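Undergrad: Starting from these lines, generate the structure:
(chains A, B, C and D)
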Number of protein chains: 4
Amino acid sequence: MQEYGEPLVLDEVAAPQLEDDNDVIVRIAAAGVCGSDVHIRSGAHVENLGRADMPYRLGHENVGFVHELGRAAAAQGFEVGDPVVLHPLISCGLCRSCRAGNDMYCEAPAFPGIDGRTHGGFAEFMRTGVRSLVPLVPGTDPVPLTPLTDAGLTAYHAVKKLLPLIAPGHTAAVVGSGGVGQFAIQLLASLTPARVIATDVSSARLEAATAAGADVVIGAEPDGDGGAAVRDLTDGRGVDVVFDCVGIAPSIADSAGMLCRGGVLSVLGASDAPVPMSTAQYTGMEISVIGNYVGTYTDLVELVALFDAGTVTCHHQRYALDDAEQALLDLAAGRMIGRGVLVP
Amino acid sequence: MQEYGEPLVLDEVAAPQLEDDNDVIVRIAAAGVCGSDVHIRSGAHVENLGRADMPYRLGHENVGFVHELGRAAAAQGFEVGDPVVLHPLISCGLCRSCRAGNDMYCEAPAFPGIDGRTHGGFAEFMRTGVRSLVPLVPGTDPVPLTPLTDAGLTAYHAVKKLLPLIAPGHTAAVVGSGGVGQFAIQLLASLTPARVIATDVSSARLEAATAAGADVVIGAEPDGDGGAAVRDLTDGRGVDVVFDCVGIAPSIADSAGMLCRGGVLSVLGASDAPVPMSTAQYTGMEISVIGNYVGTYTDLVELVALFDAGTVTCHHQRYALDDAEQALLDLAAGRMIGRGVLVP
Amino acid sequence: MQEYGEPLVLDEVAAPQLEDDNDVIVRIAAAGVCGSDVHIRSGAHVENLGRADMPYRLGHENVGFVHELGRAAAAQGFEVGDPVVLHPLISCGLCRSCRAGNDMYCEAPAFPGIDGRTHGGFAEFMRTGVRSLVPLVPGTDPVPLTPLTDAGLTAYHAVKKLLPLIAPGHTAAVVGSGGVGQFAIQLLASLTPARVIATDVSSARLEAATAAGADVVIGAEPDGDGGAAVRDLTDGRGVDVVFDCVGIAPSIADSAGMLCRGGVLSVLGASDAPVPMSTAQYTGMEISVIGNYVGTYTDLVELVALFDAGTVTCHHQRYALDDAEQALLDLAAGRMIGRGVLVP
Amino acid sequence: MQEYGEPLVLDEVAAPQLEDDNDVIVRIAAAGVCGSDVHIRSGAHVENLGRADMPYRLGHENVGFVHELGRAAAAQGFEVGDPVVLHPLISCGLCRSCRAGNDMYCEAPAFPGIDGRTHGGFAEFMRTGVRSLVPLVPGTDPVPLTPLTDAGLTAYHAVKKLLPLIAPGHTAAVVGSGGVGQFAIQLLASLTPARVIATDVSSARLEAATAAGADVVIGAEPDGDGGAAVRDLTDGRGVDVVFDCVGIAPSIADSAGMLCRGGVLSVLGASDAPVPMSTAQYTGMEISVIGNYVGTYTDLVELVALFDAGTVTCHHQRYALDDAEQALLDLAAGRMIGRGVLVP
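TA: Numbers count the residues shown, from 1 in each chain, chains lettered A, B, ... in the order given. I've put the predicted structure just below:
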């Protein structure tokens, strides 16, 4: 990225070097293309992220191979050539949050490909920290795991938090069966006894939802129906848990409207839309709304274990690194099927 | 209550009789006067509760003495004269919710003094069910426990749900230091290691908050300050848990604005006001909002145990049953200090 | 049962009658035959259960059809002919334990077929209480669900308690792949992401364990190997959770010996053998040992939902009621394959 | 320590130096004297810990002031002169356990004063790692916090694990009111609504138990009474949770014998004695036994916050570093009152 609003350019630059005991250089095998990349490139996030140091390399969903290791990574047993998946954050490891295992709340994080100061994975090589490395079984091709690092991680974190609330006989709804939703459906189908209902405005994504393990799929109205269609499937009782993977006004109104008494709405998608419930609805129905922010390193380790066991799979579409700009355009235009990944 | 909008009238009627093995006749020692009584009398709840069978006896916060017992209560060891506190709901005991201990979700409940069909405790005697009786230590005067049955129960239920989230070093805020808030403050001060901050628009209630155990009290702006004053007390970090005991627009905006990352907002007060947070705030800050609906029988048993141990106390103001109308007027006009109770 | 130590006799007696609003007469479809029946018949439990009122009808794993209903069951919507599974306990519904949903800790229970005063299901008809009835989908044949009421319920209760502790990448062991163990294996395989290792001294039961979903099966030494074989499968680290479904000296020594640091041993089988761990092992390894006592009504409702969803299945072998004595003898001699059920 | 079995000798040695970015040199303010020191000095732990590199400095309960900092500690904001409490373990920060916040299960730990390779705090200066430092409020005298680092930490870890199980109306017993027990009593009294019963064979320690907040104290029989005295205090029902801080045969028999149905026994003291319960007792009573192994860094941070808030206090007795041998002798002879600390 040379400038906000301008096309991405493939350029030759000096390879990143180890600067610290904790550093690791990773040879990138694939870097996912995400809606955030479109937004950052447009300059939409300058206000909250600050202006990036241009030229800046995007890419926050990264997998690859260990290329060069600092002392700490070597002490952990990593070797050159090891396939790895990268947790999106380089956490400090020493603040209170890190000490309690909450990497995402790290008080001194670097966020490669996002923060404007730490280069991401739209490149051949990338410098990261040992705390980002999740090792894979030797011989694994890391490319198919790329979508785990963000969409998968967010879904796993959200589903894991609600596992204790989901019992046999319960119904779970996934509102929005796109990238994050596909993971949520797979995880609910394999890790819980719930009947899983998936909704989406796209019939193609509903087909994918069925393949992912949804018991019932329902076409969503673009403007929402207040959850009526899903509620009807439960004899009017409502569903026990809803995972809203869209987070826009019509979806969140549907999600809030389909809950049973004591129901829980898990929010994974984000927009400026509020959750349309009054305090009287929160108390009268005893509703809980739970926000989710990516996931911890331990979450990602567990998700990779599920991938290894065949419990979750990821659809992806390969682009050459050269075609990064095309990938962003395809994504922005809704022409991408599955997660797009850039392969150097 | 003879008619909506008309003054309450003290009238001589036939005493209630046992009709079922599970029935119990309680000689009322006191019945609390609640904002709900004002609303029901005004006719405001006809839409959701249906029209009451007039004349109807209000009163859903009841304590007294066992006067006559059906077979089931006798089998439980109750005897005539035993002091009791009444759980507000007569639950069926057989539906799925009751079987799991969730009385408040009973699928076939009677709600004395509320539902328009089951008479409440603004009377000398009241028929209830054995499942409502919480026994007190013999010799206890039940009158001071009246506020436990509703305000206290709601606060205990809400605080208990969040206990596992409150650790040493945490800060808890109670927004609104009225009836429910006073209980929340006492419970947080005695059951958790949190630093407790209480807010209110009334300086009298802030004094009571200090007496109840708040570590810091802050005068709230009538229109709210978006939580700024409380946030300042935490070096800008925000508080870990907030109990909003008001639930109106300015209070809930304050509550939402004072949370830290990963913070939890517990909603106890109710109005038409929404919780003013976008889905992007839920996800970016990983916020949870938890609604609360009264509490279970087991909650009330535990709360009575806390009262017995001196952990919670209740302020109340006695009115003669004859003065029921005056009590409603005082409450509506904000002239009541502490909970008003009608004593036959 | 006419007398301890004597053969069971099929005799014509008066049909049981409704005596209470809560009573229900069930036409028995099947009654499971359990090791407890052998022990009770031998007189082994007279000391702790007291002497039975002879003649006494055994049978504590009962399924059938509603035949006659008291007022409470009718009010719950049950109708004559409804297929039902019976929770083993008739709980009072009013004590503290029942109110909290812990039926098994009921302070005034009746235990049909066990307690010596309440007749069980080795009969055409049986009187039970409405609180024991778990309704099935209309048209369901209840016979195959018989083993759910005891072996299945115990396994479900135990597995459910540990679900929050089992994460992707974990290993769970089931020691003893008999009746209870088969359920534990199915539940772990379907409700958790754990790798499941099953052990048994019988190769036939190990084959069944594989069919039930075990990832690895291991033949156990009759005298135990201290858990060495299972530990070897985990590169010496040990397993995260063990469900000991046998509870005798060699099995419990194996179970204790195969745990990792922080591991949890769930005890489902019972004998006089202690758990052979010193307090230094509890603290040095931070081990937890968790006992299990049958399960709640809600547990059984959830387990039936899993059966309906095809998640668990039960093997059983039918005997005519006339052959009750033969069934006890077959069981005592180890000649029974799967759970034996008496069909009137 | 020059040799096992020989007296400790105060000797002049080279001051420890920073060797790593993560290293910190602490000027010791106090180092606790513990039973483990007596055992290690006697050579009793050579088998499991290996032979120490002699001469070796004992001392695993250390507090002091930052004297010299590596890069990592400086980046965390520490400055020379800051008062600190040291977590007993130097954890690696990178293994799976550390990443999940479970420092005590670190796969590559150093254990100063214990492991025979890493010098402890019976010295003027000590080298530790940044991950051991818990900062105190500037100006705090760290000496009184010394017992928090081991006895306090173990008690807090154990009590915190059981907090969700302790409700109003419950009874908790602390068996053994010595160092660890005193902390358990204080924590139970301040963080839970339980009635607290403390036992000990020493009347002096029972007086301290009362001062620490026990509601009832009971003299224990040296050979144990099977929990009878405590059980009598609960009308024969038994206590809900027991914390056994002794772990020897008579104490653990008492502890096991005083539990109610569904009760939980938390083990904090260690010996070769087994927990004397058969698998039939585990299942019939649904008992859980929970081992405890020190505590995490986060636990220690929380415990220090409780100390700052005045919730816990520690008794200690000062010895000059010169008198280390005398302190060990006093401890071994039972002449020490409160925790002994060596002050350089």
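
Undergrad: what about stretch A:231-240, distance to the chain center?
TA: Centre-to-centre, stretch A:231-240 and its host chain are 29 Å apart (C-alpha atoms, centre = their mean, to the nearest Å).

Undergrad: Likewise for stretch A:190-206?
TA: That offset, for stretch A:190-206, works out to 17 Å (C-alpha atoms, centre = their mean).

Undergrad: Now do it: distance from first to last residue.
TA: By C-alpha to C-alpha, to the nearest Å, the extent of stretch A:190-206 from end to end equals 18 Å.

Undergrad: so who does the spatially closest residue to residue A:223 that is not a sequence neighbour touch?
TA: Closest residue in space to residue A:223, ignoring its immediate chain neighbours: residue A:250 at 5.2 Å, by C-beta to C-beta, 6 or more residues apart in numbering or on different chains. C-beta here means a position set from N, CA and C on the backbone, and glycine is covered the same way. Residues near residue A:250 by C-beta atoms under 8 Å, 6 or more residues apart in numbering or on different chains: A:220-224.

Undergrad: Which ones among those lie within strands?
TA: Using DSSP state E, no member of the contacts of residue A:250 sits in strands.

Undergrad: what helix or strand is the closest residue to residue A:27 other than its chain neighbours on?
TA: Spatially, and ignoring its direct neighbours in sequence, residue A:27 is nearest to residue A:67 (4.3 Å; C-beta to C-beta, 6+ apart). Counting by DSSP states H and E, the element that carries residue A:67 is strand A:62-69.

Undergrad: And for that strand, what's in contact with it?
TA: For strand A:62-69, contacts defined as C-beta under 8 Å, 6+ apart pick out A:18, A:24-32, A:73, A:78-86, A:112-113, A:120-121, A:125-126, A:128, A:130, A:133, A:142-143, A:145-146, A:149.

Undergrad: Mark which of the residues you listed are buried, thanks.
TA: Listed as buried from these are A:24-32, A:73, A:78, A:82-86, A:112-113, A:120-121, A:125-126, A:128, A:130, A:133, A:142-143, A:145-146, A:149; burial here means 16 or more other C-beta atoms under 10 Å in any protein chain shown.

Undergrad: Would you mind measuring from the residue nearest to residue A:27 to residue D:235?
TA: Distance of residue A:67 to residue D:235, given as C-beta to C-beta, to the nearest Å: 70 Å.

Undergrad: and if you look at residue A:8?
TA: Per C-beta to C-beta, residue A:8 is found 76 Å from residue D:235.

Undergrad: Now the two most distant members of the contacts of residue A:250.
TA: A:220 and A:223 (9.5 Å; C-beta to C-beta).

Undergrad: So between those two, which is more surrounded?
TA: residue A:220 (25 against 11; other C-beta atoms under 10 Å in any protein chain shown).

Undergrad: you'd agree that one is up against residue A:177?
TA: No - the criterion here is C-beta atoms under 8 Å, and residue A:220 misses it with residue A:177 at 9.2 Å.

Undergrad: shared neighbours of these two, anything?
TA: Overlap between the contact sets of residue A:220 and residue A:177, as judged by C-beta under 8 Å, 6+ apart, is given by A:199-200.

Undergrad: separation between the closest residue to residue A:105 other than its chain neighbours and residue A:129?
TA: Here the nearest residue to residue A:105 in space, its sequence neighbours aside, is residue A:97; by C-beta to C-beta, 6+ apart that works out to 3.7 Å. For residue A:97, the distance to residue A:129 (C-beta to C-beta) stands at 16 Å.

Undergrad: what do you get for residue A:96?
TA: Separation of residue A:96 from residue A:129 (C-beta to C-beta) stands at 19 Å.

Undergrad: if you count what's nearby, which of those two comes out ahead?
TA: Higher neighbour count among residue A:96 and residue A:129: residue A:129, with 25 against 14, using other C-beta under 10 Å.

Undergrad: Next up, the contacts around that one.
TA: Contacts for residue A:129 (C-beta under 8 Å, 6+ apart) come out as A:20, A:22-24, A:90-91, A:110.

Undergrad: Around chain D, which positions in the stretch 201-344 of chain A sit nearby?
TA: Taking C-beta under 8 Å from any C-beta of the partner chain as the criterion, the stretch 201-344 of chain A approaches chain D at residues A:296-298, A:301.

Undergrad: Same list (those) but as JSON lines, adding pLDDT and secondary structure.
TA: Listed next are those as JSON lines, based on pLDDT from 0 to 100; DSSP: H, G, I helix; E, B strand; the rest coil:
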{"residue": "A:296", "pLDDT": "97", "secondary structure": "coil"}
{"residue": "A:297", "pLDDT": "97", "secondary structure": "helix"}
{"residue": "A:298", "pLDDT": "98", "secondary structure": "helix"}
{"residue": "A:301", "pLDDT": "98", "secondary structure": "helix"}
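
Undergrad: right, and out of those residues, which lies closest to chain C?
TA: Set against chain C, the nearest of those by C-beta to the nearest C-beta is residue A:301 (7.0 Å).

Undergrad: The closest one contacts residue C:167, doesn't it?
TA: No - look at residue A:301 against residue C:167 with C-beta under 8 Å: they stay out of range, at 9.2 Å.

Undergrad: who are the neighbours in contact with residue A:161?
TA: Contacts of residue A:161 (C-beta under 8 Å, 6+ apart): A:266, A:290, A:292.

Undergrad: domains of chain A?
TA: As assigned by automatic domain parsing, chain A contains the domains A:23-150+A:295-343, A:153-291.

Undergrad: which one of those lies closest to residue B:138?
TA: Minimum separation from residue B:138 across these (C-beta to C-beta) falls at domain A:153-291, 35.0 Å.

Undergrad: residues from chain A in reach of chain C?
TA: A:163-164, A:167-169, A:190-193, A:195, A:301-303, A:305-306, A:309, A:311.

Undergrad: Mind checking which of those residues are in strands?
TA: Those of those lying in strands (DSSP E): residue A:195.

Undergrad: Would you mind listing which of the residues of chain A next to chain C are buried?
TA: Buried among these by 16+ other C-beta under 10 Å: A:163, A:167-169, A:190-193, A:195, A:301-303, A:305-306, A:311.

Undergrad: Helix or strand for whatever residue of chain A ends up closest to chain D, just tell me which one.
TA: Taking C-beta to the nearest C-beta as the measure, chain A has residue A:101 as its residue closest to chain D, at 3.5 Å. For residue A:101, there is no host helix or strand (DSSP H and E).

Undergrad: Tell me, what's the model's pLDDT at it?
TA: The per-residue pLDDT reported for residue A:101 equals 95.

Undergrad: now do the one 10 residues further on
TA: pLDDT for residue A:111: 95.

Undergrad: ditto for the one 3 residues further on
TA: At residue A:114, the model reports a pLDDT of 94.

Undergrad: Tell me which residues touch it, please.
TA: Applying C-beta under 8 Å, 6+ apart, the residues contacting residue A:114 are A:36, A:40, A:49, A:60, A:88, A:120.

Undergrad: between the residues you listed, which is nearest residue D:328?
TA: residue A:88 (51.7 Å).
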